Structure formats: C-alpha cells, structure tokens
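1. everything below, folded, please.
(2 chains)
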2 protein chains.
Amino acid sequence: MENLKASVAQRVILESVAILGVEPVKMEQSLGRVLAEDIKANRNLPPYDVSAMDGFAVRSADVANPPAMLELIEEIQAGSLPTKTVRAGQCARIMTGAAVPQGADAVIRVEDTKAIAANSVQFVVSVKPGNFIRPHGEHMHTGDIVLKAGTEITPGVIGVLATVKAAQFNVYRRPRVAILSTGNELEGLNEPVDPNKIPDSNTYAVMAQVQALGIEPVLLGIARDDPAELEQYLQRGLEYDVLLVSGGTSMGEYDYVRPCIEKLGVKMIFWRVLTRPGHPLTFGKTDKTVVFGLPGYPVSSMVSFEEFVLPALRHMMGNRNLHRRTVIARLAHAVKTQPGRTEFIRVLLTHTDAGYTVNTTGTQSSGVLLSMARADGLMVVPADCTGLAEGDHVTVQLLDGSAFQEKVCYKE
Amino acid sequence: MENLKASVAQRVILESVAILGVEPVKMEQSLGRVLAEDIKANRNLPPYDVSAMDGFAVRSADVANPPAMLELIEEIQAGSLPTKTVRAGQCARIMTGAAVPQGADAVIRVEDTKAIAANSVQFVVSVKPGNFIRPHGEHMHTGDIVLKAGTEITPGVIGVLATVKAAQFNVYRRPRVAILSTGNELEGLNEPVDPNKIPDSNTYAVMAQVQALGIEPVLLGIARDDPAELEQYLQRGLEYDVLLVSGGTSMGEYDYVRPCIEKLGVKMIFWRVLTRPGHPLTFGKTDKTVVFGLPGYPVSSMVSFEEFVLPALRHMMGNRNLHRRTVIARLAHAVKTQPGRTEFIRVLLTHTDAGYTVNTTGTQSSGVLLSMARADGLMVVPADCTGLAEGDHVTVQLLDGSAFQEKVCYKE
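-> You can find the predicted model right below:
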C-alpha cells in the first residue's frame, strides 16, 4: 500500500501490533504502567461509620436549639474504638477517622463549640443527622473491583493500590525497541566534527521520544550506505519487538534500506503517508518485529514518531489512550498552507481569558529542529485546507514538556 | 500567617525555595531535566547550501521552458562534495543533504523528471532559483546560543543537543524529598489487615506524585502519635531538602506534629489555606529543609501536593513552567459549590467539536481516593462562586495521565 491517509496508516499499524504480555511489578516501580489484572477491595472502607472531622459525636436532636451544653463521656482517638453509648444529653470527643459511637448520629466540629470543660461542652450550632459522618463502605466494599485491567497507573491509582494493599501486581510488559540511523553523511555523537557531515540527531531525538513513554531503547548506531553493513545492523534490529530506522527511505538510488529489509524477511505493509512532514514513512513486519522506516529529516522523523510510532508503542503496553491530548486554539496570525496532505505545524500556545491562542514557531523547514525544541504542540491542518486566517480555530496536539505552564491561569 | 489565599500561599512558598545547584548529566539520562548552562552551536548547519530533496541540481534558467533536456555531469552523494561546476545546459544528480554544486541555483525532484539516461535528464517543470535548496546556516551558525539555561529537556531539545554534539552538560539538581505519614490509625503496606485501621495510602500516592516529577523520594514510613517517636522520624526527615508530612495537621488535640516540628527548629511560615480540599496545609522551613504538612485525607493530600508542593519542587529543579496545564471546558451539568474557599473538583473531560465538556467524577468526599484515580483533571471553582450551571465555562487543570486521549480528534 502506498500514500495512505494518516488515519488509515494508524489503523493499519494498530491492527499489526498486539499487547505484548504480562509481568509482575512492585507498586513503587509501577508509575505509568498499565494494569494487566483487575484489582479488588480487600476490606470495607471506612470499616464503620467514622467521623470526617475532629470534633464531638452527638445526638443531633440534643443540639436542635443551640446553644446546648452536653456531658462529655469519652474521647475516641483515630485507630481506637468507642467503649460507651452516647445517650440523651451526652457527647463524645472524636478524632477524624475514628468510629462514631452507638447513639450518636452526627459530628460537630471543634470550631463550632465553646467552653470545652473537662466533662462538658457547649455547642453553638444545630446539625442534621449524618453531619460530618462518613458512612461505612463509602469508599469501597470488600470484593468490589476498584481498578480494572487496562487502567494506566497514575498517582491517584497508586493511592488506591496502596489502599487495598496491592504491593505487587501484573502489568503489561514494555516493548523492546531498537533505534538505527542510516546514511554516509551522518556523524556520530562521539565522532570528531567533520564540516562535510551532518550530526546524527535522529538517534537521540527518537531515543528521547521512546524514553518519554517509559521505555529504554537500545541504540544500534549508524549504518553506512553499504548493503552488507546495513544488513548486519538490520539483522540485529530484528531481534527486538520494534525497530525504528531513520533515513534511507526516500526515492534516491542510495536507498538500500527497503530492499535490504525485504531480503531479511520483513513484509512491507505500506510506504509513504499523506502527511507533511513525514511523507516517506514506511511500515513493515516480521513474525516478531514491527519495523518503522522514519524519514531522515529530524523534524519529519519526530513528527512521524508522534503520529504513528507512539500510538503503536502505547497500544503494545496496554494503554487505551493512544494519541496525544489535543486542545482547540485560536490562530494569532494567518498561515499559508499547501493542500494535498495533512500538515503538522510546530506552534506555541498562549493563554487568554477565552482559551488558547496559537502562533507558529516560524520556519517550518524539516531541517530546523530548533522549532521542534521550542514548540508546545503540533497544529493539525486538514489536507483540503487552502490557507488559515487569523482567528480561525485549529486543533493542536500537546507535545512532551507541555504538561506545565508558567502561570496558574485560574481565578481563585 | 493563617488562612492564606491559594495564590498568596504559592507566592510565599516560591519565595522560600531556591534553585538547588548544578550537576553534570549525560544526554542519554537528561530527559525532563532543566539546562543549567547555555548551549552554543559548534558548526554551521547546513555547512553549505544543500539539497532538500533527492533530485538534480540545475540552473533554473535552463528549465524555464519545460520540457528541457540537460547533460548529466556528476552524481553528488550526501556526505561527499561536488567536484564540477554546473554550466549552461548541464545538471548534476544530487542526494538530500548533499552540497549544491557551483553554478546550480535550484534542485528539481526525481519525481519531476522523465527519461533519465546515463548522461542526460529530461525536466518537465520549471522552478524558481532556490527551489529545494536549504541555505547554509539555515538551522544554526557557529557560536549561536541554540538553547538557553532554564530550558526543560524534551525530545526536541535532545535532538538539538545531539546536533551540537553536547554529550554531557550541566542541569539543575533534583531535590532530595522525604515522605512521612503520621497517625495511630494507619496501617502500613506490609502490615497485616486490621479492620480497625486505615491503610496508609498517602505515603504511596505522594511518592508517585513526586516520582512523576522525576524525583525518587525516600519513604520514612509511619510515625505513631507519640512525641518521642514522631521527633525521631521528623529529625530524619529534616536531613532532606524537602519533607512532606501527611496527617496530624488538624485541630485535634492528638496533633503532635506542629509543636514537635517547631521544637526541632522548623520556623512555621503559614498554616491553613483557603482551598477545599486542602484547608489544613501547613508550611515551614529550616536553613536547609522546607516542610509541608499535608492534610491526612488522601484526596486532600494529593490536591495540596498539586497546588503547592509541585510548583515548589519544579522551581527547585530550575523549571520555569511551574503549574499544571489548564484548559477551558464547558460544564455538562450543574454543580453545587460552597463559597468561601477556592474549590478543586475532580472531573472527567470529553471531546466535542467545540472543545472540552466536563463532568464531575461524582462524590467529592475527600476520603474517596477512587475519584482521584479516575479523574482527568481538577476543575477550579473560584471562592466567590455560589454555584455552577450547565454550560458554564470552567478552568480545568490536567492531571498526570491526561497527556494522551483515546481518539486523535483532528480532521485530517
């Protein structure tokens, strides 16, 4: 298949990859992983009706006409149980989280009392039954499924796992990913500077994109434009779950990659997609490895990763949310576009009271990686768009590093 | 100081913490860190005018009236230099990234040629001078500052670092963070289930919130409500840059934490903030440690972390973007609110063509951590708000795990 629309290419890719398998992980190392099993509650929480505040357990009828002076019969700490029943005219001191004693039907905060003496308290408010009481089982009942397989493990999820004391559990395993750059013109990170060469940035930009998903990739290095050398490198790459090859996928005659890959048994599934940048993307697979041929230009390679590799890797790890978060924003200036392919333009977001405003990062040359380093997101321009005007509403995908902003931007 | 507005508390906290210091890091381990030095270009890129495509270098005047047949004089591979000048009636085969030969002023793609013979090529389009040529220095000039100190290291930034071959550089160091839970009612993760106790979830939820910022915290465990034991634990905690203590900060008389902390030389700076949840937050410091007293309720503790601890930790690491990304969303249903304090309500986001719609996660009880596990974000309700109606526009802070979504949600 050739020249696929982005959505078709994404579908073909996702149909070609599967969730990889399951492995146990300790809770402390589980952030960002995906649960591969349902997690059940092992207790009722709260185990009985408990106080939601530090205060006094009362019979609400006793304080119906404040002020009311009640006899103090007991102190109930969190973690200990009441020993007495609260009868008419009585109250008990109670800590947050402690069990509400028999007889009492409400809790009144310390702040709403006056003149606390050794054995009596004056209450200055009336309350309804149930006031500041958390009913037993409000949070969970024994046996409830509290987290389902497929849940991504966030801090809130870890809090729930700790609540049900799941110290270890099964998650989906991460894919093993290899990264290979190709081309005689490339200069390795640790090679001396040769002004006639181009520094290999793709290996490291793609490495970081993979790392940002929680996967530590293997860097295979740079294969030169020599069929024998390339074959050796590719063969090593085909031992991994995913092989990402950048460069070598254009129409030039020095493009050894595709024939070499096919010779090694990779079935090519598609080449070229209708995006700008990222047109020369290729995708193939063997029984055990999926192979992405990323464009050689740094920006093109990174954009192809965002749109096509990232959803595949997240799917393999069991995630349900596979695509970058998008926001709608208002264009601050007109943008020339070229119809024919879906375009991804690097942009900066600015807050206004009405929402986001978007500016492009300037030159969109695929060689200018600085624009990718500066960008908050990628503005997506539909293939049939003949140009965008100031004020148009556009869709922006948020990139890594955009989870935080300079100002709080809320009204308090 | 007592009962601070959220913005005031944030300002007081940020004025109390400083960037910690600098340490070298290898590029491969630098994702998410913040540059502590300016990074300069070590070469011109491209080093000369280069071809942006695989194609043919021509004199644009020669193809002004296509079709035009030109003599093919040379092949220039990427990574090698031209040896001949292109004269009238001539062209040279050129690979992407290769130097444009003398005499030529444009490149024509392979796709726009016909009948390529051994020593002649037919061109079927006319082009302007400069076509598909990337001018030398388009990306960077030697000595340019390409990345400034204070830049957060994203995959795009790593690509630029690799481009200028910065294999190691200085970043701001991460704070050392200790986490302590307090309370007799708490049951440790590895302790047997006691139905009269409450599992300690705060230690782990806060651990994960810290981990999500790239910091591996130290877990001190649970200090019981005993002044001597508490003092021992707190003393250990005061050896770190940041000590996060949860529980023990309410008005109950079993609150040993504050007097104990003060006895150890911590200067209390404020207690209580005008937020719901999160009211009982306290903040203090010694010469070397900042101490946050987080509320005991799991949700309250997590929300306090998001609003007050997170900006402090990010500031200490040199980040300029200190606060959670916000989006504006349309309320799907009315929400009752209680004026007086800024309220943070756990919500779910849904896409519509016009932007985000927001639903609450249901019960907002601070004891129900499941709602935090499910939430995409926190809806911020101003303190003077007396209620929200369906259709109101609200501000939502995006939580961890919300960087991805199920559908692409763009028009291609």
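2. sketch out the low-pLDDT regions of the stretch 151-300 of chain A for me.
-> Counting by pLDDT under 70, the stretch 151-300 of chain A has low-confidence residues at A:248-255.
3. again, only using 90
-> In the predicted model of the stretch 151-300 of chain A, residues A:183-186, A:195-198, A:224-227, A:247-260, A:280, A:296-297 satisfy pLDDT under 90.
4. now do the strands in it.
-> Assigned by DSSP state E, counting those that start in this stretch, the strands in the stretch 151-300 of chain A fall at A:168-172, A:177-182, A:186-187, A:198-199, A:218-223, A:242-246, A:267-273, A:275-276, A:282-285, A:290-294.
5. my read: A:Val12 touches A:Trp271, true?
-> No: the criterion here is C-beta atoms under 8 Å, and A:Val12 misses it with A:Trp271 at 11.6 Å. Every residue, glycine included, has its C-beta placed from N, CA and C.
6. which neighbours do those two share?
-> Counting by C-beta atoms under 8 Å, 6 or more residues apart in numbering or on different chains, the residues touching both A:Val12 and A:Trp271 are A:1, A:283.
7. so which residues of chain A form helices?
-> For chain A, helices defined by DSSP state H occupy the ranges A:6-16, A:155-163, A:202-211, A:227-237, A:257-263, A:298-304, A:310-316, A:370-374.
8. list the contacts for A:Val210?
-> If you count contacts by C-beta under 8 Å, 6+ apart, A:Val210 has them with A:177, A:179, A:216-217, A:244, A:313.
9. dump these to JSON lines, plus neighbour count and distance to B:Ala223.
-> Shown next, in JSON lines, are the contacts of A:Val210 (neighbours: other C-beta atoms under 10 Å in any protein chain shown; distance: C-beta to C-beta, whole Å):
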{"residue": "A:Val177", "neighbour count": "25", "distance to B:Ala223": "43"}
{"residue": "A:Ile179", "neighbour count": "25", "distance to B:Ala223": "47"}
{"residue": "A:Glu216", "neighbour count": "11", "distance to B:Ala223": "36"}
{"residue": "A:Pro217", "neighbour count": "23", "distance to B:Ala223": "42"}
{"residue": "A:Leu244", "neighbour count": "29", "distance to B:Ala223": "48"}
{"residue": "A:Leu313", "neighbour count": "25", "distance to B:Ala223": "42"}
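10. widest-spaced pair of those residues?
-> Farthest-apart pair in those is A:Glu216 and A:Leu244; separation 13.7 Å (C-beta to C-beta).
11. in the stretch 1-150 of chain A, which spans are strands?
-> Under DSSP E, counting those that start in this stretch, the stretch 1-150 of chain A gives strands at A:2-4, A:22-26, A:39-40, A:50-51, A:55-58, A:68-76, A:90-94, A:106-109, A:113-114, A:120-123, A:133-134, A:145-147.
12. out of those strands, nearest to A:Val303?
-> Closest approach to A:Val303 among the strands of the stretch 1-150 of chain A is made by strand A:2-4 (15.5 Å; C-beta to C-beta).
13. report the buried residues of the closest one.
-> Neighbour-count burial for strand A:2-4, counted by 16 or more other C-beta atoms under 10 Å in any protein chain shown, picks out A:Leu4.
14. could the strands of the stretch 1-150 of chain A be laid out in CSV, adding mean pLDDT and distance to A:Thr83?
-> Listed next are these as CSV, based on pLDDT from 0 to 100; distance: least, C-beta to C-beta, whole Å:
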stretch, mean pLDDT, distance to A:Thr83
strand A:2-4, 93, 73
strand A:22-26, 98, 40
strand A:39-40, 96, 33
strand A:50-51, 91, 16
strand A:55-58, 96, 13
strand A:68-76, 94, 6
strand A:90-94, 95, 10
strand A:106-109, 96, 18
strand A:113-114, 89, 22
strand A:120-123, 94, 18
strand A:133-134, 92, 19
strand A:145-147, 95, 32
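15. what about the closest residue to A:Arg93 other than its chain neighbours, how many neighbours?
-> Counting by C-beta to C-beta, 6 or more residues apart in numbering or on different chains, A:Arg93 lies nearest to A:Glu75, which is 4.2 Å off, once chain neighbours are set aside. A:Glu75 has 15 neighbouring residues, counting by other C-beta atoms under 10 Å in any protein chain shown.
16. okay, now the domains of chain A?
-> Chain A breaks down into these domains under automatic domain parsing: A:2-20+A:174-316, A:23-43+A:152-172, A:50-134, A:326-398.
17. any part of the lengthiest strand in chain A near chain B?
-> Assignment by DSSP state E gives strand A:342-352 as the longest strand of chain A. Yes: Strand A:342-352 lies within reach of chain B by C-beta under 8 Å from any C-beta of the partner chain, at A:342, A:351.
18. give the buried residues for that strand.
-> For strand A:342-352, burial by neighbour count (16+ other C-beta under 10 Å) applies to A:342-349.
19. cool, and stretch A:155-168?
-> For stretch A:155-168, by 16+ other C-beta under 10 Å, it's A:155-166.
20. same list, those, but as TSV with distance to A:Val210 please.
-> Shown next, in TSV, are those (distance: C-beta to C-beta, whole Å):
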residue	distance to A:Val210
A:Pro155	23
A:Gly156	26
A:Val157	23
A:Ile158	23
A:Gly159	28
A:Val160	29
A:Leu161	26
A:Ala162	29
A:Thr163	33
A:Val164	32
A:Lys165	33
A:Ala166	28
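21. and chain B, which of these contact it?
-> Among those, the ones lying near chain B by C-beta under 8 Å from any C-beta are A:155-165.
22. burial measure for A:Glu111, as a count.
-> 11.
23. the longest strand of chain A: partners in the sheet, and parallel or antiparallel?
-> Strands that pair with strand A:342-352, judged by DSSP bridges, come out as strand A:275-276 (parallel), strand A:355-360 (antiparallel), strand A:377-381 (antiparallel).
24. and the angle from the last one to helix A:6-16?
-> Orientation check (axes from the mean of the first three to the mean of the last three C-alpha atoms, to 10 degrees): strand A:377-381 against helix A:6-16 gives 120 degrees.
25. which residues sit against strand A:377-381?
-> A:303, A:306, A:324, A:326-327, A:329, A:335, A:337, A:342-347, A:349, A:358, A:360, A:388, A:394-399, A:402, B:410-412.
26. now with 6 Å?
-> Residues from elsewhere that reach strand A:377-381, judged by C-beta atoms under 6 Å, 6 or more residues apart in numbering or on different chains: A:337, A:343-345, A:347, A:394-399, B:410.
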